[in-house]
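Asks: The sequence and its predicted three-dimensional model are supplied below.
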Amino acid sequence: MRKFKEFIIEKLILLCGLAAIFFVVLIFLFLLKEGLAVFKTVSPFKFLFGESWYPISEPAQLGILPLILGSLLVTVGAAIISVPIGVGCAVYIAEIAPLKIKEVLKAGIELLAAIPSVVLGFIGMVTLVPLVKNVFHLPTGLTALSGSIMLAFMAMPTIVSIAEDALYSVPKTYKEGALALGATHWQTIWRVMLPAASSGILAAVMLGIGRVIGETMAVMMITGNAAVLPKSLLVPVRTLTATIAAEMGEAVVGSEHFFALFAIGIVLFVISFAINVTADLFLHKRQ
Amino acid sequence: MRNPYRTQKIAFFVLLVATLLIVIPVGMIVVIIVQKGLPAINWEFLSDIPRKGMRAGGIFPAIVGTIYLVGGAIVFALPIGLLAAIYLSEYSKDNLLTRLIKLAIVNLAGVPSVVYGLFGLALFVVFFKFGASILSGSLTLGIMILPVIVTTSREALESVPSSFREVSLSLGASKWQTIRHIVLPNAIPGILTGTILGLGRAAGETAPILFTVAAFYLPRLPDSIFDQVMALPYHLYVISTQVPNVDEKIRYGTAFVLLALVLFMNLVAIVIRYQFRKKKKW
Amino acid sequence: MVKFDIKDLNIWFGAVHALKRVSMDVRANEILSVIGPSNSGKTTFLRMLNRLNDLNQNFKMSGSVKLDQNEIKTIDPELLRKRVGMVFALPLPLPLSIFDNVAYGVRMHGTKNKKTLEEIVEKSLKEAYLWEEVKDRMDTSAFKLSGGQQQRLCIARTLAVEPEVILFDEPCSGLDPISTAKVEDAMVNLKQKYTIVLVTNNVKQAARVGNRTAFFLGGELIELSATERIFTAPADQRTDGYIRGKFG
């Protein structure tokens, strides 16, 4: 009897162990189920590279190039800001900060990770957006630049904590060896620690970018949501994620618009999948 | 590089500036929200329904809605996540399947939140015909926080020394008895920490509930799990962008309540972790 | 009477050949000491007898190990481990109270009656020479005990499930001489009821308590004979060298 009970429990444990795989597959299948329908009316090429997104005009124009470029622009902007600052902060926390300050800084970074994105979006609206508007004398502060700054900020916890882990796991002997040869602390960091931790730092950057591409609420609240081909950082743009979030409420279930939004979901899923698998490879290479 | 010590000074200063560029805004955000949000908080704001098109009154239904959603998510995610963590920590062998499971968890953690929203809409709302409801929203949030729970629980289970397992097995206890009586009791603080972090994450997310449960304006409490509800993060989004002329005080007040709720959960998690480390017996 | 009958036993962990063609026996109600330098395979040998090696993913074996004429591979591991108890190198109390530590194995085998448990716990603690020291604080954490007390608690815990054989894996390696003496006393006393296999790094300990002594080197059984023989007139030079402290 006891044996039978344990047999059942162990099968249940195995089943739950497989749950993660099951859900990933399930998510992908349901995105495909609803999203592939759009290609009955639009070719995949026209969908990805079409230059206009007018989903509710007659006939609907479903080209997501402006959205892809919007996401890309905001993401590149965010990466340019967040990578140097984030890695710098990781180095400072891992190598330079005294123990007590280190704890405070880490708590601060964790705090940032915990703040809901809608709260950050709200704060961005009331502080960052007017600031950008006034500094650049723009008609509106709801621009790609505001989005980039906000997203850079939101990517920090990911970049800092993973890069710090990478630096931390560099063997102590490397550092001691360099210091023993008379290198300064900074030379040791620059010539020894950073190269030794490079694949982990690369993973940190990639996961940070993954976070940025997938971010929805904050970006929707402060980038202005104009689905046009962006010409500079100082105009409103619309990202892939924001498009789904903003339009799904109005799309009729089973309509072409509905299918198109799911197709955008497929694009996002594939991008995040690629980023996570690659980052995971880098992380494992390190070990 | 002529004077390495001056280079070092400059470099360290730059790194310090980078750090401050992150930490100071974080502090400012919290200060601003507390400073401007706290005055809005009173009993009426917390216990009343929204009135006058959300331009007055309180946020009670949104608070209740968020609690329901978070509760539902955890009821679903904790058992599955914990058992999955037990599988990975106690049963899995170093083989392809285990690598696939770990990869799947990494991916689940990386899927954009709005894609979870789409998934919930397609599976729970449309396919299972649950409609936009607490059930759909909770299940969607539950799947989203699954990786958090699996990862932290697994760490907690693996931190129980393997010698305890050997001792238990050497006394003739079965594997499950060992897990049930030795491993789990000693991993509970870590599991609790992970669960609360998952709760905090679920409480703050907006995108996954947009199309699966969240009501724009529903000034009453739900009757069943098939009802829609308001939720704090969505409510904050609505009054910040969708409804014009909302008093700033109400916006900040809502942001304050949401932030306080999430930070409180994180604080509880940190305290549990700290207490546990202090008391750790081995 | 032969308790364990071992024939041509080979054990591998991955590519490492940990035990090589070991054939020997363990007799009922004897103390068999197993000595040898570290990495000689003696602990692997010990953990074979209650199938704890099975926990290692890379474990492979060939040959035969019989307990009372039954191949141990065919015995349910939980039942086998109930019959063949083990005391580990370091004192490893479970994170439970003193009482619950001793009662743990008994409970896992289905005894729930409080009265019965109390009797078993008292009897086991007495057999391990610990009862007098702990009888007034049965509910305190086992981690509050001293190292030597913890190790005797571990012995009591093993005795509580009423094994036939007890395996000791360097049980005194973490203890001071006085605690060691107490543990050794307990062991000698146990010989009347149980078969004991003692792995030890301490050659003198083997000489003090063992009826027979086996010497392992590099995964091979070099020599097995009566303890006096081994220590006075070993058949193999390497045994002689190890006992005199030339290597190890």
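Replies: Good, I have the coordinates.
Asks: Just checking the helix ranked longest in chain A against chain B, any contact.
Replies: The longest helix of chain A (DSSP state H) is helix A:256-286. Yes: counting by Cβ under 8 Å from any Cβ of the partner chain, chain B is contacted by helix A:256-286 at A:261-262, A:265, A:268-269, A:272-273, A:275-277, A:280. The C-beta positions use only the backbone N, C-alpha and C, and glycine is treated the same way.
Asks: For that helix, what is the distance to the chain centroid?
Replies: Between the centre of helix A:256-286 and the centre of its host chain there is 10 Å, according to Cα atoms, centre = their mean, to the nearest Å.
Asks: Quick check on the residues of helix A:256-286 next to chain B: which are buried?
Replies: By neighbour count, with 16 or more other Cβ atoms under 10 Å in any protein chain shown, the residues of helix A:256-286 next to chain B hold A:261-262, A:265, A:268-269, A:272-273, A:275-276, A:280 as buried.
Asks: May I ask which of these comes out lowest in pLDDT?
Replies: pLDDT across those is at its lowest for residue A:280, which sits at 89.
Asks: wouldn't it be in contact with residue B:109 here?
Replies: No: if you go by Cβ atoms under 8 Å, residue A:280 and residue B:109 don't touch, sitting 10.6 Å apart.
Asks: where in chain A is pLDDT low?
Replies: Scanning chain A for pLDDT under 70 picks out A:286-287.
Asks: For chain C, what's the nearest residue on it?
Replies: Of all residues in chain A, residue A:2 sits closest to chain C, at 7.7 Å by Cβ to the nearest Cβ.
Asks: Next up, the contacts around that residue.
Replies: Counting by Cβ atoms under 8 Å, 6 or more residues apart in numbering or on different chains, residue A:2 touches B:174, C:110.
Asks: how near is residue B:189 to residue C:226?
Replies: 53 Å (Cβ to Cβ, to the nearest Å).
Asks: Comparing these two, which residue is more hemmed in?
Replies: The neighbour comparison of residue B:189 against residue C:226 (other Cβ atoms under 10 Å in any protein chain shown) goes to residue B:189, with 19 against 12.
Asks: State the three-state secondary structure for that one.
Replies: helix (DSSP: H, G, I helix; E, B strand; the rest coil).
Asks: I figured it hits residue B:271, correct?
Replies: No: the pair residue B:189 / residue B:271 is not scored as a contact, 10.4 Å apart, by Cβ under 8 Å.
Asks: Kindly indicate which of the buried ones among the residues of helix A:256-286 next to chain B lies nearest residue C:173.
Replies: Residue C:173 lies nearest to residue A:280 out of these, by Cβ to Cβ, at 41.5 Å.
Asks: ok, residue C:76 - how many residues close by?
Replies: For residue C:76, the neighbour count with other Cβ under 10 Å is 12.
Asks: one step back: next, find the distance separating the residue of chain A closest to chain C from residue B:85.
Replies: 24 Å.
Asks: now residue A:91
Replies: For residue A:91, the distance to residue B:85 - Cβ to Cβ - is 33 Å.
Asks: now do residue B:223
Replies: Residue B:223 is 35 Å from residue B:85, by Cβ to Cβ.
Asks: what about these two, which has more around it?
Replies: residue B:85 (28 against 7).
Asks: Can you tell me which of the residues of helix A:256-286 next to chain B is nearest residue B:247?
Replies: residue A:261 (33.5 Å).
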